[in-house]
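K.L.:
Kindly return the folded structure for what I paste below:
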Amino acid sequence: MATTHAGPAITRVPALPASITPSFLQRLTARVSAAPNAARVTTTAPYTGVPLADLPVSTPGDVEDAFARARVAQKAWAATPIAERKKVLLRYHDLVLARQDQALDLMQAENGKTRRDAFLEVVDIGIVSRYYARTAAKYLGPKRRRGAIPLLTHTTELRHPKGVVTVISPWNYPLSMAASDTIAALMAGNAVVQKPDTQTALTALWSMELMYEAGLPEDVWQMVIGRGSSIGGALMDNADYMMFTGSTATGRQIAADAGRRLIGASLELGGKNPMIVLDDADIDKAADGAVAACFPSAGQLCVSVERLYVAESIRDRFVAAFTARTEKLKLGAAYDYSVDVGSLTTPAQLKTVTEHVDDAVAKGATVLAGGKARPDLGPLFYEPTVLTGVTPDMTLHSHETFGPVVSVYTFRDVDDAITQANATAYGLNASVWSRDGARGRAVAARVHAGTVNVNEAFAAAWGSVDAPMGGMGDSGLGRRHGADGILKYTEPQTVAHQRIQGFTPPSNINPETWATLLTGALKVLKAVGAR
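P.N.:
Next up is the predicted model:
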């Protein structure tokens, strides 16, 4: 294993775990929807930079074929009773938990994160699959609605699946982002054609393989591999709904394309998430929370914190506690639970992190902890970094870094804290720390973000899967989790059966008299409190 903390670094980097064999990789890559003679692309392991997987590349024609098969399979899947779909998801739930070590090995090999961070993805998928398996009947079943005329109008709301959903998932959380949105789409009766990021496609393919083992009919979930510039058009042009997690720039283009086609889209995009430490916060707990908020998955997490706002009266004590904890984090590579912070995933991400920190330092920011790459540990390691003195002219002040870097600021009072926290185009996640829960919740309600956690980093809101999760502003539109997370994959339909008499006057009553009668009826309904 390769690690570093306060003592000297050990620079021996682990080989791939025994579970990732050539035959295992060949079996997974064979599940990509691509021609037998397809071009290939090779991914590399972030820990070492050595080749990891050889994947077939899908063409636009392959995407078209995948959608054609999916449309046939979706009709039968939509006709499958919800109770039978539920059984598939619950079996999948059990398989993911039973084979989690294989998933953890894959996520670490492809992404470079620590095992503890990878394990949280297993937990996430267990929670989400169980939740939608056991709530889908409530969300999707027919619902009686109030009719236009009491007693005379029988109105029912029905939910129909959209059809075939395109899911485009990112590399940073290769199991959570590949499977959680797909789970809801499948449970709603849709088929899915998915494009995971090529770097972490193995984890997505593994998840799909387990879903088929759990009983999902063939072709209901398919995977294509390729660059968005090559197959993105085919994915959009054939989709009945688009689910995308990724950059704000790409999300804007997808929203425009979805608007052109008049299909729905759900977009979870970038963030520059704030954490507010109020003057009555427990400093030790807040410092621990800040570590958990800023450095999971080497900061490559859409809901992680990159801006820390601390009350002036406790600033020095908090910064000392937080910096000390940051410096003690064990950075390195290990296929066990011994490491705190892992590797960045791609050279592009290392370049961004390095440029952001170097730019800030060159313009006067102070490094309190970290601040440099660690090539002695592996090609993509960067130390957990805490900065102060960051000003608006520095790139990382307002732009998402997506790495293990956080800037510390101070505030005078709550209004000042809210003003600074909300001074961003983003609005994905936030964290508030206070000994007074009611005060913390009141401050949280004023933060412009789709989820806000009180005395927690992000897991409380993310793990509360009965509640919606998503962004405001440049952080996207639409929600995952809760009712919104499954109903977005459906078309609502109202069926209204009018009995005896409707709004048209009967033949023996003239229109003026009928209008007077209806006016009187409306007044009576208001008087008796009818809605």
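K.L.:
Let's test this: name the helix or strand in the protein with the lowest mean pLDDT.
P.N.:
strand 10-11 (a mean of 42; mean pLDDT, DSSP states H and E).
K.L.:
On the three-state scheme, the closest residue to residue 82 other than its chain neighbours is what?
P.N.:
Excluding its sequence neighbours, the residue lying closest to residue 82 (Cβ to Cβ, 6 or more residues apart in numbering) is residue 137, at 5.0 Å. From N, CA and C alone the C-beta is placed, and that goes for glycine too. Here residue 137 takes the helix state, with states given by DSSP: H, G, I helix; E, B strand; the rest coil.
K.L.:
Surely residue 187 and residue 85 touch.
P.N.:
Yes. Using Cβ atoms under 8 Å, residue 187 makes contact with residue 85 at a distance of 5.7 Å.
K.L.:
Show me the common contact partners of those two, please.
P.N.:
By the contact definition Cβ atoms under 8 Å, 6 or more residues apart in numbering, residue 187 and residue 85 are jointly contacted by 133, 136.
K.L.:
ok, now which ones touch residue 311?
P.N.:
Residue 311 neighbours (Cβ under 8 Å, 6+ apart): 277-279, 281, 410-411, 417.
K.L.:
what ranges do the strands span in the stretch 1-150 of the chain?
P.N.:
2-4, 10-11, 40-44, 51-56, 143-145 (DSSP state E, counting those that start in this stretch).
K.L.:
Distance to residue 513 added to those strands, as CSV?
P.N.:
CSV is the format used below for the strands of the stretch 1-150 of the chain (distance: least, Cβ to Cβ, whole Å):
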stretch, distance to residue 513
strand 2-4, 87
strand 10-11, 93
strand 40-44, 76
strand 51-56, 74
strand 143-145, 30
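K.L.:
Ranking the ones you listed by mean neighbour count, which comes first?
P.N.:
strand 2-4 (a mean of 21; mean count of other Cβ atoms under 10 Å).
K.L.:
picking up where we left off before, between the strands of the stretch 1-150 of the chain, which one is nearest to residue 307?
P.N.:
Between residue 307 and these, the shortest separation by Cβ to Cβ is 26.0 Å, and it involves strand 2-4.
K.L.:
one step back: and residue 187 and residue 85? which has more neighbours close in?
P.N.:
Each of residue 187 and residue 85 has its neighbours counted (other Cβ atoms under 10 Å); residue 187 has more, 27 against 23.
K.L.:
May I have stretch 330-338 exported as CSV, CA atoms only?
P.N.:
The C-alpha coordinates for stretch 330-338 follow below in CSV (Å, rounded to 0.1, in the frame of the first residue of the first chain):
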residue,chain,number,x,y,z
LYS,A,330,-3.6,9.3,5.5
LEU,A,331,-3.3,9.9,1.8
GLY,A,332,-2.5,6.9,-0.4
ALA,A,333,-3.6,3.7,-2.2
ALA,A,334,-4.8,0.6,-0.5
TYR,A,335,-7.5,-2.0,-1.2
ASP,A,336,-8.6,-2.0,2.4
TYR,A,337,-9.9,0.4,4.9
SER,A,338,-6.6,1.8,6.1
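K.L.:
Could you check the pLDDT of the most centrally placed residue in the chain?
P.N.:
Central residue of the chain (Cα atoms, centre = their mean): residue 177, 5.5 Å from the mean position. At residue 177, the model reports a pLDDT of 96.
K.L.:
quick one: contacts for it?
P.N.:
By Cβ under 8 Å, 6+ apart, the contact set of residue 177 is 169-170, 245.
K.L.:
mind running it again at 10 Å?
P.N.:
121, 124, 167-171, 196-197, 200, 203-204, 243, 245-246, 268, 302, 480 (Cβ atoms under 10 Å, 6 or more residues apart in numbering).
K.L.:
hang on, residue 240 packs against residue 71?
P.N.:
Yes. Contact criterion Cβ atoms under 10 Å: residue 240 and residue 71 qualify, at 9.2 Å.
K.L.:
which one of those two has more residues nearby?
P.N.:
Between residue 240 and residue 71, counted using other Cβ under 10 Å, residue 240 has the larger neighbour count: 20 against 16.
K.L.:
Backbone dihedrals for the more buried one, please?
P.N.:
phi -100, psi -10 (degrees, to the nearest 10).
K.L.:
need the helices for the stretch 1-150 of the chain, in chain order.
P.N.:
With DSSP state H, counting those that start in this stretch, the ranges of helices along the stretch 1-150 of the chain come out as 22-29, 60-79, 82-98, 100-111, 115-140.
K.L.:
Just give me the neighbour total for residue 35.
P.N.:
The number of residues near residue 35, taken as other Cβ under 10 Å, comes to 13.
K.L.:
Contact partners for the residue nearest to it when sequence neighbours are not counted?
P.N.:
The spatial neighbour of residue 35 that comes closest, neighbours along the chain excluded (Cβ to Cβ, 6+ apart), is residue 62 at 6.2 Å. For residue 62, the contact set (Cβ under 10 Å, 6+ apart) comprises 32-35, 38, 56, 222, 224-226, 231, 234.
K.L.:
pLDDT weak spots in this structure?
P.N.:
1-13 (pLDDT under 70).
K.L.:
Look up how far residue 39 lies from the residue nearest to residue 35.
P.N.:
Here the distance between residue 62 and residue 39 works out to 11 Å (Cβ to Cβ, to the nearest Å).
K.L.:
Kindly report the same for residue 103.
P.N.:
For residue 103, the distance to residue 39 equals 28 Å [Cβ to Cβ].
K.L.:
go on, residue 378?
P.N.:
29 Å.
K.L.:
Export stretch 109-124 to PDB, keeping only CA atoms.
P.N.:
Written as PDB, here are the backbone C-alpha positions of stretch 109-124 (Å, rounded to 0.1, in the frame of the first residue of the first chain):
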ATOM      1  CA  ALA A 109      -9.300   0.300  -9.500                       C
ATOM      2  CA  GLU A 110     -11.300   2.500 -11.900                       C
ATOM      3  CA  ASN A 111     -11.800   5.700  -9.800                       C
ATOM      4  CA  GLY A 112      -8.900   5.700  -7.300                       C
ATOM      5  CA  LYS A 113     -11.100   6.400  -4.200                       C
ATOM      6  CA  THR A 114     -10.600   4.800  -0.800                       C
ATOM      7  CA  ARG A 115     -12.500   1.700   0.200                       C
ATOM      8  CA  ARG A 116     -14.500   3.600   2.800                       C
ATOM      9  CA  ASP A 117     -15.700   6.000   0.200                       C
ATOM     10  CA  ALA A 118     -16.500   3.200  -2.200                       C
ATOM     11  CA  PHE A 119     -18.400   1.400   0.500                       C
ATOM     12  CA  LEU A 120     -20.800   4.400   0.900                       C
ATOM     13  CA  GLU A 121     -21.800   3.800  -2.700                       C
ATOM     14  CA  VAL A 122     -22.800   0.200  -1.900                       C
ATOM     15  CA  VAL A 123     -24.800   1.500   1.100                       C
ATOM     16  CA  ASP A 124     -26.500   4.100  -1.200                       C
END
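K.L.:
buried ones in it?
P.N.:
109-122, 124 (16 or more other Cβ atoms under 10 Å).
K.L.:
same check, this time on stretch 480-498
P.N.:
Quick answer for stretch 480-498 (16+ other Cβ under 10 Å): 480-482, 484-490.
K.L.:
With just CA atoms, put stretch 423-439 into CSV.
P.N.:
This file holds the C-alpha atoms of stretch 423-439, laid out as CSV (Å, rounded to 0.1, in the frame of the first residue of the first chain):
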residue,chain,number,x,y,z
ALA,A,423,-23.0,34.6,-3.6
THR,A,424,-22.8,31.9,-6.3
ALA,A,425,-24.6,30.8,-9.4
TYR,A,426,-24.7,27.3,-8.0
GLY,A,427,-27.1,25.8,-5.5
LEU,A,428,-26.6,22.1,-5.0
ASN,A,429,-25.7,21.3,-1.3
ALA,A,430,-24.8,23.1,1.9
SER,A,431,-23.9,22.4,5.5
VAL,A,432,-24.7,24.4,8.7
TRP,A,433,-23.2,23.8,12.1
SER,A,434,-24.8,24.9,15.4
ARG,A,435,-25.4,23.5,18.9
ASP,A,436,-29.0,24.8,18.6
GLY,A,437,-30.8,22.6,16.1
ALA,A,438,-33.7,25.0,15.6
ARG,A,439,-31.2,27.9,14.9
